[in-house]
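1. Let me see the structure of the following:
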Amino acid sequence: MNWTGLIIFLVILAAPFIWAVSIYNALVTFRNRFKNAFAQIDVQLKRRYDLIPNLVETAKGYMAHERQTLEGVTAARNTAVGANQRAAANPADGAAIQGLAAAEAGLSGALGRLFALSEAYPDLKANQNMMQLSEELTSTENKIAFARQAFNDAVMSYNTRIESFPDNIVAGTFQFKAAELLQATESAEERKAPKVSFS
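-> I've put the predicted structure just below:
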């Protein structure tokens with residue numbers, strides 16, 4: 001019996017299996033990276049959602065007759081919280097990510113209207129609590145933007161991997177699905193960041 005021939009035969013037999021396992025493990029790693037990137041967005045969004053009720057409560061004392069705007073911010077926040085929970089449950093669900101993007105656009109629009117109205121209330125602008133909340137919200141918005149970029153970068157790397165040959169063979173066999181980018185859904189006018197400066 002020729003041991004060298006047997007070893008060569010076994011190596012040739014095992015090579016495709018080892019190749020498939022290494023690709024599968026790499027795809028799992030890329031999928032986990034974009035899920036982790038979404039977890040970072042989730043942390044910042046929760047911080048944003050926690051700041052908004054305090055912001056609304058502070059504004060209520062000064063903007064009592066602007067009830068519709070304040071209720072709009074609260075409703076938009078609640079919609080965004082629900083959309084975020086659905087997306088956090090499965091960041092690979094494209095519909096949930098699109099729903100989150102739409103809900104976040106609605107919340108940004110509502111906050112923009114609140115801050116635009118608050119310009120007409122000098123006492124509110126001078127309120128120390130309002131200034132601090134605005135500063136925290138601005139900082140959180142910046143962190144959300146960075147986290148979204150990191151998520152989109154991770155999704156792009158993952159999607160490129162599952163669409164590239166030969167990884168697409170393993171991805172198709174094990175049903176790795178393309179992930180959805182978290183893209184802005186608002187118009188160019190709505191994309192302007194809400195002004196939160198009270199100086």
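
2. what sits up against the lowest-mean-pLDDT helix or strand in the chain?
-> Ranked by mean pLDDT, DSSP states H and E, the weakest helix or strand in the chain is helix 122-126, scoring a mean of 79. Contact with helix 122-126 is made by Thr58, Ala59, Tyr62, Met63, Ser118, Glu119, Met130, Met131, Phe198, as judged by C-beta atoms under 8 Å, 6 or more residues apart in numbering. C-betas here are computed from N, CA, C, even on glycine.

3. can you give me the helices for this protein?
-> Using DSSP state H, the helices of the chain run over residues 3-60, 67-89, 94-118, 122-126, 128-163, 167-173.

4. among those, which is the most enclosed?
-> For the helices of the chain, ranked by mean neighbour count under the definition mean count of other C-beta atoms under 10 Å, the leader is helix 94-118 at a mean of 20.

5. Does anything pack onto it? Which helices or strands?
-> Packed against helix 94-118 by the contact rule (3 or more C-beta pairs under 8 Å, 6 or more residues apart in numbering; DSSP states H and E) you find helix 3-60, helix 67-89, helix 128-163.

6. would you turn those helices into a markdown table with distance to Ser108?
-> A markdown table is the format used below for the helices and strands packed on helix 94-118 (distance: least, C-beta to C-beta, whole Å):
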| stretch | distance to Ser108 |
| --- | --- |
| helix 3-60 | 10 |
| helix 67-89 | 8 |
| helix 128-163 | 9 |
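
7. low-confidence ranges in this structure?
-> Within the chain, the set of residues satisfying pLDDT under 70 comprises 1, 184-199.

8. do that again at 50, thanks
-> Filtered on pLDDT under 50, the chain yields the residue ranges 187-191, 193, 197-199.

9. Tell me which of the helices and strands packed on helix 94-118 sits nearest to Leu114.
-> Distance to Leu114, taken as C-beta to C-beta, is lowest for helix 67-89 among the helices and strands packed on helix 94-118, at 5.2 Å.

10. quick one: the closest one to helix 94-118, angle?
-> Using axes from the mean of the first three to the mean of the last three C-alpha atoms, to 10 degrees, the direction of helix 67-89 lies 150 degrees away from that of helix 94-118.

11. Helix 67-89 vs helix 3-60, what angle?
-> Relative orientation of helix 67-89 versus helix 3-60 (the same axes, to 10 degrees): 170 degrees.

12. Indicate which one of the helices and strands packed on helix 94-118 is closest to Gly112.
-> Among the helices and strands packed on helix 94-118, if distance is taken as C-beta to C-beta, the winner is helix 67-89, at 9.9 Å.

13. I'd say Leu181 and Ala154 touch.
-> No: contact between Leu181 and Ala154 fails when scored by C-beta atoms under 8 Å: they sit 10.1 Å apart.
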